[in-house]
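> attaching a predicted model along with its sequence, questions to come.
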Amino acid sequence: MDAFAAYTIIGLSLGGVFSLAALGIVLIYRTTGVLNFAHGAMGMFSTFVAWQFFYGISHPFWPTWLSTAVAVVAGLVFAALLGLFLEFAVFRFVRTRAPVVKAVITIGILLALQSTASLIWKNNQYHLPIYIVPQNWVKTVAGVPIGANYIVIFIVSLGLAFGLAAFLKYTSFGRSMRAVSDSPTSASLWGVPVGRVSAVSWMLGSVIAAVAGILITPFINFDTTSLTLLIIDALAAALIGGMVSLPLTMAGGFALGLLETYPTIWIQSIGFPRLIALLVILAVLILRNPRGLTVAAER
Amino acid sequence: MTWRLATRLLVVLVLFGVLARLPVGFDVGFRFDAALAVIWAFSLLSLVLLTGYVGQISLCQATFAGVGAYGAGMMVATFHADYVVAIAVGVCAAFALGVLVGLPALRLHGITLAIVTLGIALVFDRYVFQDHIFEWFTGGSGGWRVDGARMFGLRMDSTTHLLQAYFVLLALFLLVALLMVNLHNSGAGRRFRAIRDSELAAATMGVNLTRYKLLAFGMSAAIAGLGGSFYPLVAGTVSPQPFWLFTSLQLAAIAVLMGVRYVPAAALGGVFLSFVPDILTRYGHGMFLHRIPYDISYDWFSIALGVLLVAQMILLPDGVWGDMRHRALHTWSAIRAVRTKRVSLA
């Protein structure tokens, strides 16, 4: 194995996080028509809740795996409650409004969540990451340390994506969700509980964002802004999938992860990967017409 | 000159007289805020043009202002140019970037345009304004220092002559605002609003979509850049922090909150964005009832802005200024109706 293979593993795990975040965006967008700019911020906030639990309760007396488990569960429960809250406090009142109006509302939510987090956990400050598997499970390949965390991210993102796809395909509630995403009006005429469906998709999307946030903490500069800014990579991955297709979104996330990782072999720059994400967005939007976006615009 | 134009000119002159006199009594901090308020009001005015008139969404207005600021700072710090030249360069740089951003906007609209402009704001925030490749433009991590800047031979730097810079800024802002109000019913303004209402219908009626969309983006970026190019003069330095992604998001939020279709809302928003955080950090700490300590920081402003935006989108879709305007017009017509009724009864 050489450096190229090592960077491939890093890129795939980064891509796994992108595709997880993108899955949440696509799920919420299809069932409720809201393009959620606050998705990164929601994931960020839940991740910090988990972080607070992890370092708040960790004690030599407890085994580390127990405090990790408690922290992750707390973060995910908080994420579900946050999604539920947003649906009932905000988006229930704007269901019939234009997609642009809903998107602007999510910008307000982004600002509020971001500043609340920066108020509680202080902006631009280094925080110790959350390690799902111990930090010292590392194998150095061609000078690049490959932690077990990378493998965990890859497996969890693939597993969650397949789980979500199976849930949408085989359960009756998943069928209602697909019905609502095709047409809310006709779904409600057939007796599908549209309100309950959108509440569940907000909860699911928020939980998936939290999973992505918790998994990525060891690999980024873990502060309040960088997780919020994950939104642009997630949007790029979601646009590759045309805002509709889950498999394409996953593939797009992994491709984007690789695209953003390989240049770091030669270019040492924090901002360069963002440029790649922007170019991918531009290429996707200009070369093909995203079907999902037009579908929502015609609602 | 029509009566309407004469009235508008009169209003602008009176406003200049009042607003130019106001900060004379302020201390240095609030004088800086007053100048900064006009700079952000320019950025909000550019959103009134782009979103309110033409209906295009942009989440990168602070980027345009930043390009104007860095262009002007580079001209003064590297080439020791007169500040007028620096402003011209800053505005041209912003205009060029605006037209570039407008190119993808020819095929996109609504949410997709928001995504692209968000990406552009992020790229400039994290890459262009901070990477060492662009040091010739951004002056490295320290940014540019602008001391002893001169405009037409008059000294106008932040430390001693801040009010002079404020007067020039205010005069320019009122001029651009007057032009914007007049643009609303001019030929170009009608074409802009036709694009906003329906691009398809506008194209059918013979509006050249390519030309007018690019023109709108270029003009909007130039307005934001004009305000931004004064930033080095007012603050003395340029750094990436004021022009980062979250400022762009705040600008979009404030423009919508105040009423994105109305020119006066831009001025209101500029004052809101510049003064409220400073007042909060200055007076927002102490003891409540001599018992409970509290400390309201900048973050509270941003939280309030987000919550207010959500509430406003649900309750007052036309923004604060728009809602006030509707209420005033409604009250005025009600009063007139009562008057005519009285006359007819008599």
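Looks like it arrived, so ask away.

> my read: residue A:285 touches residue B:103, true?
No - counting by CB atoms under 8 Å, residue A:285 stays clear of residue B:103, with 11.9 Å between them. From N, CA and C alone the C-beta is placed, and that goes for glycine too.

> so which residues on the stretch 201-346 of chain B come close to chain A?
B:245-246, B:249-250, B:252-253, B:256, B:297, B:299-303, B:305-310, B:313-314, B:317 (CB under 8 Å from any CB of the partner chain).

> from those residues, which land in helices?
B:245-246, B:249-250, B:252-253, B:256, B:299-303, B:305-310, B:313-314 (DSSP state H).

> for the stretch 101-250 of chain A, what spans make up the helices?
Using DSSP state H, counting those that start in this stretch, the helices assigned to the stretch 101-250 of chain A run over residues A:148-170, A:172-182, A:184-189, A:194-216, A:224-228, A:230-240, A:246-261.

> wait, which of those helices is closest to chain B?
Each of those has some distance to chain B by CB to the nearest CB; the shortest is helix A:230-240, at 5.2 Å.

> show me what the helix or strand hosting residue B:117 is packed up against.
According to DSSP states H and E, residue B:117 maps onto helix B:111-123. For helix B:111-123, the packing partners by 3 or more CB pairs under 8 Å, 6 or more residues apart in numbering or on different chains; DSSP states H and E come out as helix A:99-121, helix A:230-240, helix A:272-287, helix B:61-79, helix B:83-105, helix B:245-258.

> put the alpha carbons of the helix or strand just after that helix into PDB.
Sequence order places helix B:135-138 as the next helix or strand after helix B:111-123, per DSSP H and E. Taking C-alpha atoms only, helix B:135-138 is exported to PDB below (Å, rounded to 0.1, in the frame of the first residue of the first chain):
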ATOM      1  CA  GLU B 135      -1.500  37.400  -0.600                       C
ATOM      2  CA  TRP B 136      -1.000  40.100  -3.300                       C
ATOM      3  CA  PHE B 137      -4.700  40.800  -3.000                       C
ATOM      4  CA  THR B 138      -5.400  40.300   0.700                       C
END
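
> hmm, who's touching whichever helix or strand comes after helix B:135-138?
Downstream of helix B:135-138, the next assigned helix or strand under DSSP H and E is strand B:150-151. If you take CB atoms under 8 Å, 6 or more residues apart in numbering or on different chains as the criterion, strand B:150-151 is touched by B:82-84, B:156, B:168.

> quick one: average confidence on the helix or strand that strand B:150-151 is followed by?
Counting by DSSP H and E, the next helix or strand C-terminal to strand B:150-151 is strand B:154-155. Strand B:154-155 comes out with an average pLDDT of 72.

> who touches strand B:154-155?
For strand B:154-155, using CB under 8 Å, 6+ apart, the contacting residues are B:148-149, B:161, B:164.

> by neighbours, which of those wins?
residue B:149 (24 neighbours; other CB atoms under 10 Å in any protein chain shown).

> that one contacts residue B:160, correct?
No - here residue B:149 does not reach residue B:160: they are 11.3 Å apart, not a contact under CB under 8 Å.

> residues near whatever residue of the stretch 151-299 of chain A ends up closest to chain B, how many?
As assessed by CB to the nearest CB, chain B sits closest to residue A:271 within the stretch 151-299 of chain A, at 2.8 Å. Neighbour count for residue A:271, taken as other CB under 10 Å: 19.

> which ones are touching it?
Residue A:271 touches B:123, B:125-128, B:130-131, counting by CB under 8 Å, 6+ apart.

> which stretch in the helices and strands packed on helix B:111-123 has the least confidence?
helix A:272-287 (a mean of 85).

> quick check: which element contains residue 56?
This is for chain A. helix A:39-57.

> that's the wrong chain, I wanted chain B
Counting by DSSP H and E, residue B:56 is found in no helix or strand.

> that one: neighbour count?
25.

> check it and give its pLDDT.
90.

> can you tell me the closest non-neighbouring residue to it?
residue B:50 (5.2 Å; CB to CB, 6 or more residues apart in numbering or on different chains).

> phi, psi of the one you found?
phi -70, psi -50 (degrees, to the nearest 10).

> that one against residue B:215, yeah?
No - applying CB under 8 Å, one finds residue B:50 not in contact with residue B:215, separated by 10.9 Å.

> of the two, give the one with the bigger neighbour count.
Counting neighbours by other CB under 10 Å for residue B:50 and for residue B:215 shows that residue B:50 has the greater number, 30 against 18.

> now the more buried one: how far from residue B:102?
With distances taken as CB to CB, to the nearest Å, residue B:50 is found 10 Å from residue B:102.

> for residue B:171, same thing?
28 Å.

> more neighbours: the two, which one.
residue B:102 (23 against 15).

> what sits against the more buried one?
Contacts of residue B:102 by CB under 8 Å, 6+ apart are B:213-214, B:216-218.

> now residue 234, nearest residue through space, not along the chain?
As the question left the chain open, I've gone with chain A. Per CB to CB, 6+ apart, closest to residue A:234 is residue A:21, 3.5 Å.

> meant chain B, my bad for not saying
residue B:35 is the one closest to residue B:234 (CB to CB, 6+ apart), at 4.3 Å.
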